[in-house]
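Colleague: this one's structure only:
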C-alpha cells in the first residue's frame with residue numbers, strides 16, 4: 001500500500017465529501033480537514049474576499065524566516081466572474097519536508113473542487129432569495145409564507161404567542177409597476 005495510493009484516496013474522499021455540502025461553513029470545515037490530512041506539516045489559509053469575507057486557517061502557521069520554508073499564495077481562478085462572487089485566495093506555508101510539487105498538487109485539487117462548489121452554493125442561495133422575494137419591492141412573497149407557516153405556527157404554540165399574516169392587494173398595481 002503506497003503513499004501515492006493513500007494520497008489519491010484522500011483527494012477522492014475530499015471531492016466526495018464536498019459534493020454533499022449545503023452551506024459555505026460546511027465547505028470550509030471539510031476543506032480544513034482535507035488540508036490538515038493532505039499537508040500535515042504545513043499551515044495556511046483560504047480567504048474569501050467579498051461575500052461574508054470568511055476565512056479558514058488550518059495546521060500550524062510556521063515561521064517563514066528560515067530558508068527551508070516556502071510560502072505560496074494563489075487566487076482560485078474559477079471563482080472570478082462578473083456577478084460579484086468573492087475572490088478566493090489560498091496560501092500555504094510549508095513545514096518539514098513537504099515537497100513543492102505536493103503543495104501545488106493539493107492547491108490544484110482545492111481549486112478544482114472548492115471553487116466550483118462555492119459558486120454552486122452561492123447560486124443556490126441567490127435562487128432561493130429570488131424564489132421567496134418580490135424582485136421589485138424586495139418584500140417576502142406568498143411562497144415564503146406558505147413554506148414557513150407551519151414552522152411559525154408551531155413556534156407560536158410553544159411560546160404561547162399570536163402570529164399575524166398581513167396580505168395587501170393594491171388595486172391597479174400593474175400600472176404602478178409598469179411605470180417604474
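Modeller: Sure thing, it's come through. Note that the coordinates shown come from a computational prediction; the quantities given were computed from them, not determined experimentally. Residues are numbered from 1 along each chain as shown.

Colleague: just the element for residue 57, please.
Modeller: Element membership for residue 57 (DSSP states H and E) is strand 55-59.

Colleague: and that strand, how far out from the chain middle?
Modeller: Centroid separation for strand 55-59 versus its chain: 14 Å, with CA atoms, centre = their mean, to the nearest Å.

Colleague: for the record, mean pLDDT for that strand?
Modeller: In this model, strand 55-59 has an average pLDDT of 80.

Colleague: that one - contacts with which helices or strands?
Modeller: helix 24-38, strand 43-49 (3 or more CB pairs under 8 Å, 6 or more residues apart in numbering; DSSP states H and E). All C-beta atoms are positioned from the backbone trio N, CA, C, and that covers glycine.

Colleague: including distance to residue 15 and mean pLDDT, could those go into JSON lines?
Modeller: Formatted as JSON lines, those follow (distance: least, CB to CB, whole Å; pLDDT from 0 to 100):
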{"stretch": "helix 24-38", "distance to residue 15": "9", "mean pLDDT": "89"}
{"stretch": "strand 43-49", "distance to residue 15": "16", "mean pLDDT": "81"}
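
Colleague: of all those, which lies closest to residue 174?
Modeller: For these, proximity to residue 174 was assessed by CB to CB; helix 24-38 is nearest, at 38.1 Å.

Colleague: I am finished for the moment; much appreciated.
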